[in-house]
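1. Got a predicted structure plus its sequence, pasted below:
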Amino acid sequence: MKKFLMISAAFAGLAMSGAVQAADIKPAVLYDLGGKFDKSFNEAAYTGAEQFKKETGIEYRDFEIQNDAQREQALRNFAKRGQSPIVAIGFSQANAVEKVAKEFPDIQFAIVDMVVDLPNVRSIVFKEHEGSYLVGVLASMASKSGKVGFVGGMDIPLISKFSCGYKQGVKAANAKAEVFENMTGTTGAAWNDPVKGGELAKSQFDRGADVVYHAAGATGIGVLQAAADAGKLGIGVDSNQNGLHPGKVLTSMLKRVDVAVNKAFSDSKNDKWSSGVEVLGLAEGGVDWALDDNNKALVTADMKAAVEKAKADIISGTVKVHDYMADKSCPF
């Protein structure tokens with residue numbers, strides 16, 4: 001009986017130890033401008049955090065910045081509270097992450113869309129050009145006019161990376177296709193201006209475009225609305241936006257920020273945390289295209305076959321998608 005009690009006590013001790021270990025992880029997410037319900041980039045991060053919470057029962061903190069000055073302050077407040085890992089969403093967080101991560105070397109940080117070379121920082125970057133190539137193939141095949149468009153958010157190399165991959169995919173399906181391109185602005189406000197997004201999309205429709213892809217955060221909501229209003233097709237980005245206007249969104253280029261956030265939290269919880277650079281492309285399941293009940297009537301068998309072949313060719317290396325950020329140029 002005494003031996004049984006000792007064994008029971010030992011198991012109880014292990015259970016308590018596990019509970020303490022689980023409680024030790026105090027994850028946090030810092031969203032970029034546009035907010036966690038932007039239906040796009042930030043919301044993908046929120047979805048990943050919520051999934052982790054659902055799977056583990058572990059709560060997390062989050063914060064939506066309203067201006068650039070809040071980045072560093074929010075990160076430092078999280079770190080002072082002992083939050084770890086802290087995942088910062090967006091390239092604009094880089095300077096703040098670098099500064100605060102140096103101040104708190106025992107805290108785990110992650111940043112999406114930028115590389116911060118510190119021993120306690122995981123830098124998560126995506127091959128957006130690969131996913132954009134796929135939706136470019138679909139846009140080109142769906143277009144009746146041979147003219148398609150692209151609306152970017154902030155005019156930065158990262159968004160040109162989306163644009164260039166898209167153009168290459170469009171041209172692969174139709175070498176004579178014409179691609180119109182507009183960027184929304186040069187400041188962080190460009191991510192949260194759906195009115196201007198709609199105006200830019202309408203200007204492209206007026207020039208003959210009948211499919212428009214956006215990589216513009218919350219600004220893209222206006223792009224998709226304008227497409228639906230004009231009886232044209234929009235293409236969503238980051239999150240699956242097919243359901244925003246069923247039958248009017250051709251597809252969405254999925255950038256799996258949700259997977260990256262969930263993995264960062266899970267790796268920390270399971271003592272599998274690693275710093276350094278994590279690159280997520282088609283082969284790693286980091287980008288893809290979306291097919292569901294909302295858009296399946298828009299995607300013909302030929303279109304689906306073409307995009308799946310393109311996907312396989314990119315993964316195998318048969319097709320090389322140009323990375324704008326490699327040389328700051330786009331040959332298409």
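-> Thanks, I have the structure now. Numbering: from 1, shown residues only.

2. Shouldn't residue 315 be within a helix?
-> Yes: counting by DSSP: H, G, I helix; E, B strand; the rest coil, residue 315 is located in a helix.

3. per-residue confidence for it?
-> If you check residue 315, the pLDDT there is 98.

4. pLDDT weak spots in this structure?
-> Residues of the chain meeting the criterion pLDDT under 70: 1-23.

5. Strands along that one, start to end?
-> Assigned by DSSP state E, the chain shows strands spanning 28-31, 61-64, 86-89, 109-112, 121-126, 147-154, 178-185, 211-215, 233-238, 249-255, 276-280, 287-289.

6. Distance from the second one to the middle of the chain?
-> For strand 61-64, the separation from the chain centroid amounts to 17 Å (computed by C-alpha atoms, centre = their mean, to the nearest Å).

7. and that strand, which strands flank it?
-> With DSSP bridges as the test, strand 61-64 is paired with strand 28-31 (parallel).

8. these two touch, right, residue 222 and residue 196?
-> Yes: in this structure residue 222 lies within contact range of residue 196 using C-beta atoms under 8 Å: 7.0 Å. In short, each C-beta sits where N, CA and C put it, glycine included.

9. returning to that earlier point: need the strands of the chain in a markdown table with distance to residue 309 and mean neighbour count, can you?
-> Output for those, formatted as a markdown table (distance: least, C-beta to C-beta, whole Å; neighbours: other C-beta atoms under 10 Å):
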| stretch | distance to residue 309 | mean neighbour count |
| --- | --- | --- |
| strand 28-31 | 36 | 26 |
| strand 61-64 | 40 | 18 |
| strand 86-89 | 33 | 30 |
| strand 109-112 | 30 | 28 |
| strand 121-126 | 22 | 23 |
| strand 147-154 | 20 | 28 |
| strand 178-185 | 21 | 20 |
| strand 211-215 | 20 | 31 |
| strand 233-238 | 19 | 30 |
| strand 249-255 | 16 | 27 |
| strand 276-280 | 22 | 15 |
| strand 287-289 | 13 | 24 |
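
10. got CSV for those, with distance to residue 139 too?
-> Conversion of the strands of the chain to CSV gives the following (distance: least, C-beta to C-beta, whole Å):
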stretch, distance to residue 139
strand 28-31, 29
strand 61-64, 32
strand 86-89, 27
strand 109-112, 26
strand 121-126, 20
strand 147-154, 5
strand 178-185, 9
strand 211-215, 4
strand 233-238, 6
strand 249-255, 7
strand 276-280, 23
strand 287-289, 11
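
11. Ok, which of the ones you listed comes nearest residue 44?
-> Of all those, strand 233-238 sits nearest to residue 44, with 5.1 Å by C-beta to C-beta.

12. quick one, that closest one and strand 249-255 angle?
-> 20 degrees (axes from the mean of the first three to the mean of the last three C-alpha atoms, to 10 degrees).

13. burial of residue 309, as a residue count?
-> Neighbourhood size, residue 309 [other C-beta atoms under 10 Å]: 13.

14. Revised request: answer the last question for residue 157.
-> By the criterion of other C-beta under 10 Å, residue 157 has 12 neighbours.

15. so what's it up against?
-> If you count contacts by C-beta atoms under 8 Å, 6 or more residues apart in numbering, residue 157 has them with 324, 325, 328.

16. out of residue 222 and residue 196, which sits in the more crowded spot?
-> residue 222 (23 against 19).

17. if I look at residue 27, how far off is residue 39?
-> 23 Å (C-beta to C-beta, to the nearest Å).

18. neighbour count winner among the two?
-> Ranked by neighbour count (other C-beta under 10 Å), residue 27 and residue 39 place residue 27 first, with 27 against 22.

19. Go ahead and confirm the more buried one touches residue 265.
-> Yes: the criterion here is C-beta under 8 Å, and residue 27 meets it with residue 265 at 4.7 Å.

20. Which residues are in contact with each of the two?
-> 49, 52, 58, 60, 85, 87.

21. hmm, which two among those are most spread apart?
-> Within those, 58 and 87 form the most distant pair, 13.9 Å apart (C-beta to C-beta).

22. what residues do those two have in common as contacts?
-> Shared contacts of residue 58 and residue 87, counting by C-beta under 8 Å, 6+ apart, come down to 27, 265.

23. still on that earlier bit, any chance of the shared contacts of residue 27 and residue 265 in JSON lines, plus distance to residue 35?
-> Output for those, formatted as JSON lines (distance: C-beta to C-beta, whole Å):
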{"residue": "49", "distance to residue 35": "14"}
{"residue": "52", "distance to residue 35": "20"}
{"residue": "58", "distance to residue 35": "23"}
{"residue": "60", "distance to residue 35": "16"}
{"residue": "85", "distance to residue 35": "21"}
{"residue": "87", "distance to residue 35": "16"}
